[in-house]
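Novice: all I have is the shape, not the residue letters:
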């Protein structure tokens, strides 16, 4: 099996290569096999959790969902599923969801779960953490597709927040970011925070407003990297925010 390294965020303080650029590299359109492995690792790290949530939502056991997630990405590495990906055909998350459905259907005709994958090496995926997150999902009748979408939205939001944090840290303002972070979603206790930071309330409000604006920009870019064109961004943002 092709080895890889996973990395959710690129260079310090910089937005990583766009997802579609990473897909192109993963298809072999980069600078050689090492570049392809790195790109594949980035894609796996970014997207395996929503697919695991989808599989668990289909009422598979924990072990079967783990096994199928491993097998799907091992097959992606070995069989070049990405060769059929085309940005002009739509959202990358749609491609992945259709691909996992086809894969599961095909796997049902094969050997039992413990034989699935044969001698393939296991990918370094933190299923324990993913299962803890899945167990926190409300006990509803939501479809597996809804679970997939919510986890996709959560991971994109977390990526945008991590990139914003890196941007603050690069400018030597890491502590300021940690203080502002609880207020990015709408915290209002400015007086206590202003006193803690040695700022006026007016300056703090401006700082929080700018941080929120920057977060919105980074989130928009993260979404832009997974859809076909700029025209699709607003609809995708609305759908993702509704899923949270």
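Specialist: Received it, and whenever you're ready, just let me know what you need. The model shown is predicted, which means the values in this text are computed figures rather than measured ones. Numbering: from 1, shown residues only.
Novice: quick check: buried residues in the longest helix along the chain?
Specialist: Ranked by number of residues, the top helix in the chain under DSSP state H is helix 144-170. Residues of helix 144-170 classed as buried: 144, 146-157, 159-161, 163-169 (neighbour count, 16 or more other Cβ atoms under 10 Å). To be clear about C-beta, it is placed using only N, CA and C from the backbone, and glycine gets the same treatment.
Novice: give the contact list for residue 93.
Specialist: Neighbouring residues of residue 93 by Cβ atoms under 8 Å, 6 or more residues apart in numbering: 47, 50, 148, 149, 152, 226.
Novice: packing partners of the helix or strand containing residue 20?
Specialist: Element membership for residue 20, per DSSP states H and E: helix 19-24. With contacts taken as 3 or more Cβ pairs under 8 Å, 6 or more residues apart in numbering; DSSP states H and E, helix 19-24 sits against helix 33-57, helix 92-107.
Novice: how much space between the spatially most distant residue from the centre of the chain and residue 83?
Specialist: Distance from the C-alpha centroid of the chain, by Cα atoms, centre = their mean, peaks at residue 200 (36.8 Å). Per Cβ to Cβ, to the nearest Å, residue 200 is found 57 Å from residue 83.
Novice: equivalent analysis for residue 226, please.
Specialist: Distance from residue 226 to residue 83, counting by Cβ to Cβ: 19 Å.
Novice: and these two? which has more neighbours close in?
Specialist: Neighbours per residue (other Cβ atoms under 10 Å) separate residue 226 from residue 83, with residue 226 holding more: 25 against 9.
Novice: helix, strand or coil for that one?
Specialist: Three-state assignment for residue 226 (DSSP: H, G, I helix; E, B strand; the rest coil): coil.
Novice: that one reaches residue 94, doesn't it?
Specialist: No - checked against Cβ atoms under 8 Å, the pair residue 226 and residue 94 is beyond contact range at 9.5 Å.
Novice: pLDDT weak spots in the chain?
Specialist: Low-confidence segments of the chain, defined by pLDDT under 70: 1-19, 29-31, 79-80, 109-122, 139-141, 187-188.
Novice: what about 80?
Specialist: Scanning the chain for pLDDT under 80 picks out 1-34, 36-37, 76-90, 108-124, 137-141, 185-189.
Novice: since we're on residue 64, how many residues are nearby?
Specialist: Counted with other Cβ under 10 Å, residue 64 comes out at 19.
Novice: same check, this time on residue 134
Specialist: Other residues lying near residue 134 total 19 when counted by other Cβ under 10 Å.
Novice: OK, contacts around the closest residue in space to it that isn't next to it in sequence?
Specialist: The shortest distance from residue 134 to any non-neighbouring residue, by Cβ to Cβ, 6 or more residues apart in numbering, is to residue 56 (5.2 Å). Going by Cβ under 8 Å, 6+ apart, residue 56 touches 62, 65, 131, 134, 144, 147.
Novice: what's the answer for residue 177, then?
Specialist: Residue 177 is in contact with 164, 165, 168, 169, 211, counting by Cβ under 8 Å, 6+ apart.
Novice: list the contacts of the closest residue in space to the last one that isn't next to it in sequence.
Specialist: Spatial nearest neighbour of residue 211, excluding adjacent residues (Cβ to Cβ, 6+ apart): residue 180 at 5.3 Å. Applying Cβ under 8 Å, 6+ apart, we find residue 180 in contact with 207, 208, 211.
Novice: could you point out which element follows the strand or helix carrying residue 180?
Specialist: Assigned by DSSP H and E, residue 180 belongs to helix 174-180. For helix 174-180, the following helix or strand on the C-terminal side (DSSP H and E) is helix 190-197.
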